[in-house]
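Engineer: Here you go, sequence then predicted model.
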Protein chains: 2
Amino acid sequence: MRAAANKHEQSALGQVLHERGRRMTRQRQAVFDAVVAAGGHPCADQVFARVRRQLPHVSLATVYNALEALVGCGQLAKIPRTDRGPARYDPRRDSHHHARCIACSKVWDIDDKAIAVRTVSTPRRFKPVGYKVEVLVECPADCPADARICVPTTGSKKT
Amino acid sequence: MRAAANKHEQSALGQVLHERGRRMTRQRQAVFDAVVAAGGHPCADQVFARVRRQLPHVSLATVYNALEALVGCGQLAKIPRTDRGPARYDPRRDSHHHARCIACSKVWDIDDKAIAVRTVSTPRRFKPVGYKVEVLVECPADCPADARICVPTTGSKKT
DNA sequence: ATCCTTGCAAAGCATTTGCAGTCAC
DNA sequence: GTGACTGCAAATGCTTTGCAAGGAT
(Lines give C-alpha, C1' and ligand atoms only; values in the text may rest on other atoms or scores of the structure.)
Protein backbone atom coordinates (compact mmCIF):
# COMPACT_ATOMS: atom_id res chain seq x y z
CA MET A 1 0.00 0.00 0.00
CA ARG A 2 1.08 3.56 -0.70
CA ALA A 3 1.76 5.66 2.37
CA ALA A 4 -0.88 7.92 3.82
CA ALA A 5 -3.39 7.40 6.61
CA ASN A 6 -2.28 4.04 7.81
CA LYS A 7 -2.97 5.03 11.36
CA HIS A 8 -6.64 5.15 12.10
CA GLU A 9 -6.99 7.66 14.88
CA GLN A 10 -9.46 6.04 17.23
CA SER A 11 -12.58 7.45 15.67
CA ALA A 12 -15.93 6.83 17.26
CA LEU A 13 -16.45 4.34 14.49
CA GLY A 14 -13.25 2.48 15.21
CA GLN A 15 -14.02 2.38 18.88
CA VAL A 16 -17.44 0.88 18.37
CA LEU A 17 -15.99 -1.70 16.02
CA HIS A 18 -13.38 -2.65 18.58
CA GLU A 19 -15.93 -3.12 21.26
CA ARG A 20 -17.39 -5.81 19.08
CA GLY A 21 -14.07 -7.41 18.35
CA ARG A 22 -13.97 -6.07 14.83
CA ARG A 23 -11.28 -4.05 13.16
CA MET A 24 -11.20 -0.64 11.63
CA THR A 25 -10.18 -0.52 7.99
CA ARG A 26 -9.98 2.15 5.36
CA GLN A 27 -12.74 0.35 3.51
CA ARG A 28 -15.13 0.45 6.42
CA GLN A 29 -14.48 4.09 7.09
CA ALA A 30 -15.00 4.86 3.42
CA VAL A 31 -18.23 2.89 3.34
CA PHE A 32 -19.57 4.72 6.34
CA ASP A 33 -18.55 8.07 4.91
CA ALA A 34 -20.17 7.17 1.62
CA VAL A 35 -23.50 6.35 3.23
CA VAL A 36 -23.43 9.64 5.09
CA ALA A 37 -22.31 11.61 2.06
CA ALA A 38 -24.98 10.06 -0.12
CA GLY A 39 -27.39 12.07 1.93
CA GLY A 40 -30.35 9.75 1.88
CA HIS A 41 -30.86 6.03 1.83
CA PRO A 42 -28.34 4.66 -0.62
CA CYS A 43 -28.33 1.06 -1.68
CA ALA A 44 -25.21 -1.08 -1.80
CA ASP A 45 -24.59 -0.23 -5.43
CA GLN A 46 -24.67 3.46 -4.79
CA VAL A 47 -22.35 3.09 -1.83
CA PHE A 48 -20.07 0.97 -3.96
CA ALA A 49 -19.90 3.58 -6.71
CA ARG A 50 -19.15 6.30 -4.18
CA VAL A 51 -16.50 4.34 -2.34
CA ARG A 52 -14.75 3.53 -5.60
CA ARG A 53 -14.15 7.20 -6.18
CA GLN A 54 -11.97 7.08 -3.09
CA LEU A 55 -10.70 3.51 -3.13
CA PRO A 56 -10.79 2.35 -6.74
CA HIS A 57 -10.00 -1.24 -5.84
CA VAL A 58 -12.75 -2.06 -3.35
CA SER A 59 -14.91 -4.94 -4.32
CA LEU A 60 -18.65 -5.05 -4.02
CA ALA A 61 -18.35 -7.94 -1.59
CA THR A 62 -16.29 -5.77 0.71
CA VAL A 63 -18.91 -3.07 0.59
CA TYR A 64 -21.55 -5.59 1.59
CA ASN A 65 -19.30 -6.89 4.32
CA ALA A 66 -18.62 -3.41 5.64
CA LEU A 67 -22.27 -2.44 5.54
CA GLU A 68 -23.16 -5.52 7.50
CA ALA A 69 -20.41 -4.85 10.02
CA LEU A 70 -21.68 -1.30 10.50
CA VAL A 71 -25.26 -2.42 10.81
CA GLY A 72 -24.15 -5.03 13.32
CA CYS A 73 -22.57 -2.30 15.41
CA GLY A 74 -25.65 -0.14 15.27
CA GLN A 75 -23.93 2.55 13.22
CA LEU A 76 -26.25 2.14 10.26
CA ALA A 77 -29.79 0.96 9.92
CA LYS A 78 -30.72 -1.40 7.16
CA ILE A 79 -33.96 -0.93 5.29
CA PRO A 80 -34.54 -4.38 3.85
CA ARG A 81 -34.89 -5.06 0.18
CA THR A 82 -38.36 -5.11 -1.27
CA ASP A 83 -39.83 -6.51 -4.41
CA ARG A 84 -38.85 -3.44 -6.28
CA GLY A 85 -35.41 -2.74 -5.05
CA PRO A 86 -32.38 -3.64 -3.01
CA ALA A 87 -31.73 -3.02 0.66
CA ARG A 88 -30.97 0.54 1.61
CA TYR A 89 -28.81 1.92 4.38
CA ASP A 90 -29.62 4.76 6.70
CA PRO A 91 -27.07 6.66 8.78
CA ARG A 92 -29.69 8.23 11.05
CA ARG A 93 -29.35 6.94 14.58
CA ASP A 94 -32.48 8.40 16.09
CA SER A 95 -35.76 6.57 15.98
CA HIS A 96 -37.78 7.36 12.91
CA HIS A 97 -39.95 5.78 10.30
CA HIS A 98 -39.94 5.79 6.55
CA ALA A 99 -42.15 6.73 3.69
CA ARG A 100 -41.80 4.74 0.53
CA CYS A 101 -43.08 5.72 -2.88
CA ILE A 102 -45.26 3.01 -4.33
CA ALA A 103 -44.11 4.01 -7.80
CA CYS A 104 -40.36 4.47 -7.61
CA SER A 105 -39.64 2.68 -4.33
CA LYS A 106 -37.52 5.49 -2.94
CA VAL A 107 -37.45 6.08 0.77
CA TRP A 108 -37.82 9.27 2.78
CA ASP A 109 -37.43 9.86 6.46
CA ILE A 110 -40.37 10.59 8.64
CA ASP A 111 -39.78 11.83 12.10
CA ASP A 112 -41.02 9.61 14.88
CA LYS A 113 -43.24 12.37 16.14
CA ALA A 114 -45.15 12.40 12.87
CA ILE A 115 -46.59 8.96 13.44
CA ALA A 116 -48.33 7.72 16.51
CA VAL A 117 -48.61 3.98 16.91
CA ARG A 118 -50.57 2.61 19.78
CA THR A 119 -50.83 -1.05 20.57
CA VAL A 120 -54.34 -1.84 21.60
CA SER A 121 -53.56 -5.49 21.96
CA THR A 122 -50.79 -7.82 20.92
CA PRO A 123 -51.04 -11.45 19.93
CA ARG A 124 -50.82 -13.59 22.99
CA ARG A 125 -47.68 -15.66 23.33
CA PHE A 126 -45.58 -13.04 21.58
CA LYS A 127 -43.40 -10.38 22.99
CA PRO A 128 -43.45 -7.25 20.85
CA VAL A 129 -40.01 -5.73 20.43
CA GLY A 130 -40.75 -2.87 18.09
CA TYR A 131 -42.71 -1.43 15.23
CA LYS A 132 -41.84 -0.82 11.67
CA VAL A 133 -44.19 1.69 10.12
CA GLU A 134 -43.91 2.42 6.48
CA VAL A 135 -46.09 5.11 5.04
CA LEU A 136 -46.82 4.36 1.44
CA VAL A 137 -46.87 7.53 -0.61
CA GLU A 138 -47.01 8.73 -4.13
CA CYS A 139 -44.21 10.97 -5.23
CA PRO A 140 -45.13 14.03 -7.21
CA ALA A 141 -44.74 13.94 -10.95
CA ASP A 142 -40.99 14.38 -10.77
CA CYS A 143 -40.51 11.21 -8.81
CA PRO A 144 -38.98 8.81 -11.31
CA ALA A 145 -36.40 11.32 -12.48
CA ASP A 146 -35.49 12.82 -9.16
CA ALA A 147 -33.80 11.18 -6.25
CA ARG A 148 -33.76 14.19 -4.01
CA ILE A 149 -34.26 13.56 -0.36
CA CYS A 150 -36.93 15.13 1.75
CA VAL A 151 -36.49 15.10 5.50
CA PRO A 152 -39.51 17.06 6.55
CA THR A 153 -39.25 19.31 9.54
CA THR A 154 -42.26 17.78 11.17
CA GLY A 155 -43.03 20.56 13.53
CA SER A 156 -46.40 21.16 11.92
CA LYS A 157 -49.28 19.63 13.78
CA LYS A 158 -51.40 18.75 10.81
CA THR A 159 -50.84 18.71 7.07
CA MET B 1 -55.93 -33.51 -21.44
CA ARG B 2 -57.90 -36.10 -19.55
CA ALA B 3 -61.56 -35.31 -19.04
CA ALA B 4 -62.84 -33.77 -15.81
CA ALA B 5 -63.56 -30.20 -14.83
CA ASN B 6 -62.87 -28.52 -18.11
CA LYS B 7 -65.73 -26.16 -17.57
CA HIS B 8 -64.95 -23.59 -14.98
CA GLU B 9 -68.24 -22.61 -13.46
CA GLN B 10 -68.00 -18.87 -13.14
CA SER B 11 -66.55 -18.77 -9.66
CA ALA B 12 -66.07 -15.46 -7.93
CA LEU B 13 -62.42 -15.93 -8.73
CA GLY B 14 -63.04 -16.46 -12.42
CA GLN B 15 -65.31 -13.47 -12.57
CA VAL B 16 -62.78 -11.15 -11.02
CA LEU B 17 -60.13 -12.44 -13.39
CA HIS B 18 -62.37 -11.79 -16.35
CA GLU B 19 -63.06 -8.27 -15.30
CA ARG B 20 -59.35 -7.70 -15.68
CA GLY B 21 -59.14 -9.42 -19.04
CA ARG B 22 -57.44 -12.44 -17.56
CA ARG B 23 -58.44 -16.06 -17.85
CA MET B 24 -59.39 -18.68 -15.35
CA THR B 25 -57.23 -21.78 -15.38
CA ARG B 26 -57.02 -24.88 -13.29
CA GLN B 27 -53.60 -23.75 -12.19
CA ARG B 28 -54.84 -20.42 -10.93
CA GLN B 29 -57.71 -22.00 -9.07
CA ALA B 30 -55.35 -24.52 -7.53
CA VAL B 31 -52.92 -21.82 -6.51
CA PHE B 32 -55.64 -19.83 -4.84
CA ASP B 33 -56.96 -22.90 -3.09
CA ALA B 34 -53.49 -23.79 -1.93
CA VAL B 35 -52.90 -20.39 -0.38
CA VAL B 36 -56.21 -20.63 1.46
CA ALA B 37 -55.62 -24.22 2.49
CA ALA B 38 -52.14 -23.45 3.75
CA GLY B 39 -53.90 -21.58 6.49
CA GLY B 40 -51.37 -18.86 7.09
CA HIS B 41 -48.95 -16.91 4.96
CA PRO B 42 -47.32 -19.40 2.66
CA CYS B 43 -44.44 -18.49 0.42
CA ALA B 44 -44.28 -19.42 -3.25
CA ASP B 45 -42.39 -22.60 -2.51
CA GLN B 46 -45.00 -23.81 -0.08
CA VAL B 47 -47.78 -23.00 -2.50
CA PHE B 48 -45.87 -24.82 -5.19
CA ALA B 49 -45.51 -27.95 -3.09
CA ARG B 50 -49.18 -27.91 -2.25
CA VAL B 51 -50.36 -27.31 -5.80
CA ARG B 52 -48.21 -30.16 -7.03
CA ARG B 53 -50.19 -32.56 -4.92
CA GLN B 54 -53.14 -31.69 -7.09
CA LEU B 55 -51.48 -30.85 -10.40
CA PRO B 56 -48.18 -32.70 -10.48
CA HIS B 57 -47.01 -30.93 -13.61
CA VAL B 58 -47.28 -27.29 -12.61
CA SER B 59 -44.08 -25.38 -12.81
CA LEU B 60 -42.82 -22.95 -10.26
CA ALA B 61 -42.97 -20.20 -12.84
CA THR B 62 -46.66 -20.80 -13.26
CA VAL B 63 -47.18 -20.57 -9.54
CA TYR B 64 -45.42 -17.23 -9.52
CA ASN B 65 -47.46 -16.11 -12.48
CA ALA B 66 -50.70 -17.18 -10.85
CA LEU B 67 -49.83 -15.56 -7.54
CA GLU B 68 -49.07 -12.34 -9.32
CA ALA B 69 -52.32 -12.51 -11.26
CA LEU B 70 -54.28 -13.05 -8.07
CA VAL B 71 -52.48 -10.26 -6.29
CA GLY B 72 -53.17 -8.03 -9.27
CA CYS B 73 -56.87 -8.76 -8.93
CA GLY B 74 -56.89 -8.05 -5.23
CA GLN B 75 -57.64 -11.65 -4.34
CA LEU B 76 -54.41 -12.11 -2.43
CA ALA B 77 -52.15 -9.76 -0.59
CA LYS B 78 -48.43 -10.03 -1.02
CA ILE B 79 -46.15 -9.62 1.95
CA PRO B 80 -42.89 -8.71 0.29
CA ARG B 81 -39.71 -10.63 0.71
CA THR B 82 -37.35 -9.56 3.42
CA ASP B 83 -33.72 -10.21 4.10
CA ARG B 84 -34.57 -13.38 5.83
CA GLY B 85 -37.16 -14.91 3.62
CA PRO B 86 -39.19 -14.92 0.44
CA ALA B 87 -42.44 -13.10 -0.26
CA ARG B 88 -45.51 -14.52 1.42
CA TYR B 89 -49.11 -14.52 0.29
CA ASP B 90 -52.15 -13.78 2.37
CA PRO B 91 -55.72 -14.70 1.44
CA ARG B 92 -57.29 -12.37 3.99
CA ARG B 93 -59.20 -9.60 2.27
CA ASP B 94 -59.94 -7.42 5.25
CA SER B 95 -57.54 -4.77 6.36
CA HIS B 96 -55.06 -6.02 8.87
CA HIS B 97 -51.44 -5.80 9.82
CA HIS B 98 -48.74 -8.31 10.50
CA ALA B 99 -46.42 -9.37 13.23
CA ARG B 100 -43.12 -10.81 12.21
CA CYS B 101 -40.78 -12.79 14.41
CA ILE B 102 -37.32 -11.27 14.42
CA ALA B 103 -35.84 -14.73 14.87
CA CYS B 104 -37.65 -17.02 12.48
CA SER B 105 -39.22 -14.44 10.18
CA LYS B 106 -42.66 -15.99 10.28
CA VAL B 107 -45.70 -13.81 9.96
CA TRP B 108 -48.89 -13.67 12.01
CA ASP B 109 -52.03 -11.68 11.47
CA ILE B 110 -52.91 -8.80 13.68
CA ASP B 111 -56.34 -7.36 13.44
CA ASP B 112 -56.56 -3.77 12.34
CA LYS B 113 -58.25 -2.82 15.55
CA ALA B 114 -55.22 -3.93 17.51
CA ILE B 115 -53.05 -1.18 16.12
CA ALA B 116 -53.86 2.49 15.97
CA VAL B 117 -51.84 4.59 13.58
CA ARG B 118 -52.36 8.28 13.56
CA THR B 119 -50.69 10.59 11.12
CA VAL B 120 -49.63 13.69 12.91
CA SER B 121 -48.08 15.12 9.82
CA THR B 122 -46.99 13.82 6.46
CA PRO B 123 -44.04 14.87 4.38
CA ARG B 124 -45.00 17.77 2.23
CA ARG B 125 -45.20 17.09 -1.48
CA PHE B 126 -46.28 13.50 -0.91
CA LYS B 127 -49.67 11.97 -0.94
CA PRO B 128 -49.97 9.17 1.61
CA VAL B 129 -51.84 6.19 0.24
CA GLY B 130 -51.57 3.78 3.12
CA TYR B 131 -49.64 2.36 6.00
CA LYS B 132 -47.77 -0.81 6.47
CA VAL B 133 -47.29 -1.59 10.11
CA GLU B 134 -45.20 -4.52 11.08
CA VAL B 135 -44.97 -5.42 14.71
CA LEU B 136 -41.67 -7.08 15.39
CA VAL B 137 -42.07 -9.83 17.92
CA GLU B 138 -40.19 -12.66 19.50
CA CYS B 139 -41.76 -16.05 19.18
CA PRO B 140 -41.82 -18.20 22.25
CA ALA B 141 -39.21 -20.92 22.59
CA ASP B 142 -40.95 -23.21 20.16
CA CYS B 143 -40.67 -20.76 17.31
CA PRO B 144 -37.97 -22.24 15.11
CA ALA B 145 -39.48 -25.68 15.08
CA ASP B 146 -43.11 -24.73 14.79
CA ALA B 147 -44.86 -23.06 11.91
CA ARG B 148 -48.29 -22.98 13.48
CA ILE B 149 -50.34 -19.95 12.72
CA CYS B 150 -51.87 -17.71 15.31
CA VAL B 151 -54.69 -15.46 14.24
CA PRO B 152 -55.55 -13.85 17.53
CA THR B 153 -59.15 -12.99 18.19
CA THR B 154 -58.33 -9.46 19.12
CA GLY B 155 -61.51 -8.67 20.87
CA SER B 156 -59.64 -8.11 24.10
CA LYS B 157 -59.06 -4.48 24.86
CA LYS B 158 -55.69 -4.91 26.45
CA THR B 159 -53.25 -7.80 26.71
C1' DA C 1 2.54 -13.32 14.96
C1' DT C 2 -2.29 -13.74 14.91
C1' DC C 3 -6.37 -13.90 12.65
C1' DC C 4 -9.71 -10.52 10.86
C1' DT C 5 -10.49 -8.48 6.45
C1' DT C 6 -10.00 -7.94 1.55
C1' DG C 7 -10.72 -8.98 -3.32
C1' DC C 8 -11.81 -11.98 -6.76
C1' DA C 9 -14.78 -15.27 -8.70
C1' DA C 10 -18.20 -18.42 -8.22
C1' DA C 11 -22.38 -19.87 -5.90
C1' DG C 12 -26.89 -18.87 -3.93
C1' DC C 13 -31.80 -17.69 -3.44
C1' DA C 14 -36.01 -15.84 -5.03
C1' DT C 15 -38.01 -14.39 -8.92
C1' DT C 16 -38.51 -13.27 -13.88
C1' DT C 17 -38.14 -14.05 -18.79
C1' DG C 18 -38.05 -16.23 -23.58
C1' DC C 19 -40.25 -19.25 -26.28
C1' DA C 20 -42.84 -23.12 -28.31
C1' DG C 21 -46.78 -25.58 -27.40
C1' DT C 22 -51.50 -25.55 -25.18
C1' DC C 23 -55.80 -24.15 -23.58
C1' DA C 24 -59.72 -20.82 -22.37
C1' DC C 25 -62.73 -18.07 -24.50
C1' DG D 1 -59.45 -19.40 -34.24
C1' DT D 2 -57.01 -16.14 -31.37
C1' DG D 3 -54.39 -14.66 -27.86
C1' DA D 4 -53.50 -15.51 -23.04
C1' DC D 5 -51.37 -19.12 -20.30
C1' DT D 6 -48.29 -23.01 -19.29
C1' DG D 7 -43.98 -25.42 -18.65
C1' DC D 8 -39.33 -25.79 -19.30
C1' DA D 9 -34.88 -23.86 -18.94
C1' DA D 10 -32.00 -20.23 -18.87
C1' DA D 11 -31.35 -15.52 -17.13
C1' DT D 12 -31.66 -11.94 -13.75
C1' DG D 13 -30.85 -9.04 -9.49
C1' DC D 14 -29.14 -8.84 -5.15
C1' DT D 15 -26.37 -10.85 -1.84
C1' DT D 16 -23.33 -14.31 0.23
C1' DT D 17 -19.47 -17.50 0.29
C1' DG D 18 -14.80 -19.84 -0.39
C1' DC D 19 -10.29 -19.06 -0.43
C1' DA D 20 -5.62 -17.18 -0.83
C1' DA D 21 -3.27 -12.90 -0.05
C1' DG D 22 -3.01 -8.76 2.72
C1' DG D 23 -3.34 -5.74 6.68
C1' DA D 24 -4.69 -4.31 11.71
C1' DT D 25 -3.64 -5.04 16.32
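Structural biologist: Perfect, thanks for sending it. Numbers count the residues shown, from 1 in each chain, chains lettered A, B, ... in the order given.
Engineer: in chain A, which spans are strands?
Structural biologist: Ranges of strands in chain A, per DSSP state E, are A:77-79, A:88-90, A:96-101, A:107-111, A:115-119, A:127-138.
Engineer: so can I have JSON lines of those showing distance to DNA strand C?
Structural biologist: C-betas here are computed from N, CA, C, even on glycine. Below are those laid out as JSON lines (distance: least, Cβ to the nearest atom of the strand, whole Å):
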{"stretch": "strand A:77-79", "distance to DNA strand C": "16"}
{"stretch": "strand A:88-90", "distance to DNA strand C": "15"}
{"stretch": "strand A:96-101", "distance to DNA strand C": "17"}
{"stretch": "strand A:107-111", "distance to DNA strand C": "20"}
{"stretch": "strand A:115-119", "distance to DNA strand C": "27"}
{"stretch": "strand A:127-138", "distance to DNA strand C": "18"}
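Engineer: looking at these, which is buried most?
Structural biologist: strand A:88-90 (a mean of 23; mean count of other Cβ atoms under 10 Å in any protein chain shown).
Engineer: Not counting its own residues, what contacts that one?
Structural biologist: A:35, A:41-44, A:47, A:67, A:70-71, A:76-79, A:107, A:109 (Cβ atoms under 8 Å, 6 or more residues apart in numbering or on different chains).
Engineer: can you narrow the residues you listed to ones near DNA strand D?
Structural biologist: Under the cut-off given by Cβ under 7 Å from any atom of the strand, DNA strand D has A:43-44 from the contacts of strand A:88-90 close to it.
Engineer: do you know which of the strands of chain A lies nearest B:Tyr131?
Structural biologist: Smallest distance to B:Tyr131 across the strands of chain A (Cβ to Cβ): 5.8 Å, for strand A:127-138.
Engineer: Quick check: which helices or strands does that closest one pack against?
Structural biologist: Helices and strands touching strand A:127-138, by 3 or more Cβ pairs under 8 Å, 6 or more residues apart in numbering or on different chains; DSSP states H and E, are strand A:96-101, strand A:115-119, strand B:127-138.
Engineer: ok, and does the first one reach over to DNA strand D?
Structural biologist: No: counting by Cβ under 7 Å from any atom of the strand, DNA strand D is not contacted by strand A:96-101; separation bottoms out at 14.8 Å.
Engineer: Show me the strands paired with that strand, marking each as parallel or antiparallel.
Structural biologist: As defined by DSSP bridges, the strand partners of strand A:96-101 come to strand A:107-111 (antiparallel), strand A:127-138 (parallel).
Engineer: Serialize those to TSV and add fields for distance to A:Leu55 and mean pLDDT.
Structural biologist: Shown next, in TSV, are the strands paired with strand A:96-101 (distance: least, Cβ to Cβ, whole Å; pLDDT from 0 to 100):
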stretch	distance to A:Leu55	mean pLDDT
strand A:107-111	26	78
strand A:127-138	33	75
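Engineer: Can you tell me which of those is nearest to B:Arg92?
Structural biologist: Among those, the nearest to B:Arg92 by Cβ to Cβ is strand A:127-138 (18.3 Å).
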